[in-house]
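**Student:** Quick one, structure for this:
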Amino acid sequence: MNDENEYEKASFAAGCFWGVEEAFRSLNGVISTTVGYMGGITENPTYTDVCSGTTGHAETVEVIFDPQVISYDDLLNVFWQTHDPTTLNRQGPDIGDQYRSVIFYYNENQEKLALSSKEKLQKSGEYDREIVTQIIPAPKFYPAEDYHQKYLAKRGKKSCRF
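**Tutor:** Predicted coordinates:
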């Protein structure tokens, strides 16, 4: 088993973080997931702050993973399958920039892989519209309140679609 120093971090925003977390949480090789906020201007934002649409944060899932078990490319594939990357600031009924599609990268390799996967998906013809997912350097991550962590798992749900 790897020790903690060999784990890597990935962060993704793809709409409501409850469902996105659930998509990553139980994957073999994912050590932990934390829901929170990234990409805004307010320090230590609350859920209420982020939902106001004034902080600029996106609901984000931070994934700690073992690259010996699951690759960053595998995580990118799950990310793309989890949401519609062609809708700007919206996923389903959730509207606002806090629901935007973003890949936050932590190093040049993650940036390269993310850009390549986006280009490949765009060229695949799977979507008629342009993929609007942002690929940007990871800013500070602010964990969400405790009641948001593993929200769906605590309720015995697998997705937000009721």
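**Student:** Looking at strand pairing, list the partners for Asp94.
**Tutor:** Gln91 (DSSP bridges).
**Student:** Could you give the separation of the helix or strand bottoming out on mean pLDDT in the chain from the chain centroid?
**Tutor:** Within the chain, no helix or strand scores below helix 151-154, which has a mean of 78 by mean pLDDT, DSSP states H and E. Relative to the chain's own centre, helix 151-154 is displaced by 17 Å; criterion: Cα atoms, centre = their mean, to the nearest Å.
**Student:** how far out from the middle of the chain is stretch 81-99?
**Tutor:** 12 Å.
**Student:** Which residues outside stretch 121-140 are in contact with it?
**Tutor:** The contact list for stretch 121-140, computed with Cβ atoms under 8 Å, 6 or more residues apart in numbering, reads 9, 11, 38-39, 80, 85-88, 100-106, 111, 114-115, 118. (C-beta placed from N, C-alpha, C; glycine too.)
**Student:** quick one: average confidence on that stretch?
**Tutor:** Per-region confidence: stretch 121-140 scores 96 on mean pLDDT.
**Student:** Would you map the helices across this structure?
**Tutor:** Using DSSP state H, the helices of the chain run over 17-25, 47-51, 72-82, 108-123, 151-154.
**Student:** where are the low-confidence patches of this structure?
**Tutor:** Applying pLDDT under 70 to the chain flags the ranges 1-4, 159-162.
**Student:** before we move on, back to that, please check the contacts of stretch 121-140 and keep the buried ones.
**Tutor:** 9, 11, 38-39, 80, 85-87, 100-105, 114, 118 (16 or more other Cβ atoms under 10 Å).
**Student:** can you pull the contacts of Ala153?
**Tutor:** Applying Cβ under 8 Å, 6+ apart, the residues near Ala153 are Glu22, Arg25.
**Student:** Quick check: the gap between it and Phe17.
**Tutor:** 13 Å (Cβ to Cβ, to the nearest Å).
**Student:** Repeat that for Ala10.
**Tutor:** Taking Cβ to Cβ, one finds Ala10 at 14 Å from Phe17.
**Student:** Ok, Asp73 next?
**Tutor:** Taken as Cβ to Cβ, the span from Asp73 to Phe17 is 22 Å.
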